[in-house]
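S.K.: quick one, what's the 3D model for this:
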Amino acid sequence: MENNYPKISIITVNYNGLKYTRDFLASLQNISYPDVEIFVVDNASTESISPLKAAFPQVIFIESKENLGFAGGNNLAIQQATGKYYFLLNNDTEVAPDFLEPLVQLMESNPAIGICSSKLVYYSNPELLQFAGSKGINPYTGRGFAIGHKEKDCEAFSLSYKTELAHGAAMMISRKVVEKIGLMAELFFLYYEETDFCERVKRAGFEIWYCGASKVFHKESMSVGKDSPMKTYYLTRNRLIFTRRNTTGLQKIAALLFFYLISFPKGIIKFILQRDFKLLQSFVKGATWNLIHHNIYSNTGLIIK
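M.R.: Numbers count the residues shown, from 1 in each chain. Predicted structure coming up:
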């Protein structure tokens, strides 16, 4: 490595997750990597973050006056960060003490790498994988396919290899990437923003890698809850935004027809049979948003110089 320990800017976003953010910051106190700065962006939480400030005085806290979502919150910190690499970590994660060194070594060894993700395992069952790379997004269905998902961890997943997408819960980004393509698109607010960012990174000529020697423990879906109306709305809305931004021509037409002619009615029937009318309303709202909003290329973030 040109510098044994280039500075890493670790960034997390907090929204009413005081307990999880406290545990996250406590786990970072045990890491072996010597040169880090840690940012916590509070997205206008209703609960005070004063206890966190008192417990972790070395952490840089940024308090947003409004909830900017995942992309907007991370973008705030990126614009203040001074590291060679930005490491976006969900606040519902905890880390192994030596999780940073292999990531940095991999990034430093190959200047073509723009983003690298850690191995994600379930906090409640660390032998079970959540993410060990990605096969990418199906351009017609808008669905992603994670490598190793819910498989038992093994030696094969401890290797490093090129992958199609990174995972936003543990994603290291080279400063030179942001200098070239800008920040994450804030119109997503929640979900698909890192996927869209990865596609922009690849179009700019960078590679995305998975680092199996770096382990992060993920508690998953702590901030919005599983199958919540908010999650259903943004997953539906942003799946379509992603498709519209990252496909062209006949492929785009086919993907949108697939959703509105097959996935949309199927989803409506599912929620009606489940008698879950709150999720039904969110699903329909997310789908119809894309029929009336045509400018999906604004608010993609400024270029950092």
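
S.K.: who touches residue 47 in this structure?
M.R.: Shown in contact with residue 47 (CB atoms under 8 Å, 6 or more residues apart in numbering): 16, 18. The way it works is simple: take the backbone N, C-alpha and C, and place the C-beta from them, glycine included.

S.K.: now it: how far from residue 174?
M.R.: Distance from residue 47 to residue 174, counting by CB to CB, to the nearest Å: 34 Å.

S.K.: the helix ranked longest in the chain - contacts with which helices or strands?
M.R.: Identified as the longest helix of the chain according to DSSP state H is helix 229-246. If you count contacts as 3 or more CB pairs under 8 Å, 6 or more residues apart in numbering; DSSP states H and E, helix 229-246 packs onto helix 193-203, helix 249-258, helix 277-292.

S.K.: and stretch 232-251, what's buried?
M.R.: Residues of stretch 232-251 classed as buried: 232-247 (neighbour count, 16 or more other CB atoms under 10 Å).

S.K.: what's the answer for stretch 151-166, then?
M.R.: By 16+ other CB under 10 Å, the buried positions in stretch 151-166 come out as 153, 157, 160, 163-166.

S.K.: all strands of the stretch 101-250 of the chain, in order?
M.R.: 113-122, 125-131, 134-137, 144-146, 160-162, 170-174, 207-218 (DSSP state E, counting those that start in this stretch).

S.K.: to residue 96, which of those strands lies closest?
M.R.: strand 207-218 (4.6 Å; CB to CB).

S.K.: next, the angle from that closest one to strand 125-131.
M.R.: Strand 207-218 and strand 125-131 are oriented at 150 degrees to each other (axes from the mean of the first three to the mean of the last three CA atoms, to 10 degrees).

S.K.: residues contacting residue 297?
M.R.: residue 245.

S.K.: who's in contact with the closest residue in space to residue 213 that isn't next to it in sequence?
M.R.: In space, and not counting its chain neighbours, residue 213 is closest to residue 102: 3.7 Å by CB to CB, 6 or more residues apart in numbering. Residue 102 is in contact with 160, 211, 213-214, counting by CB under 8 Å, 6+ apart.
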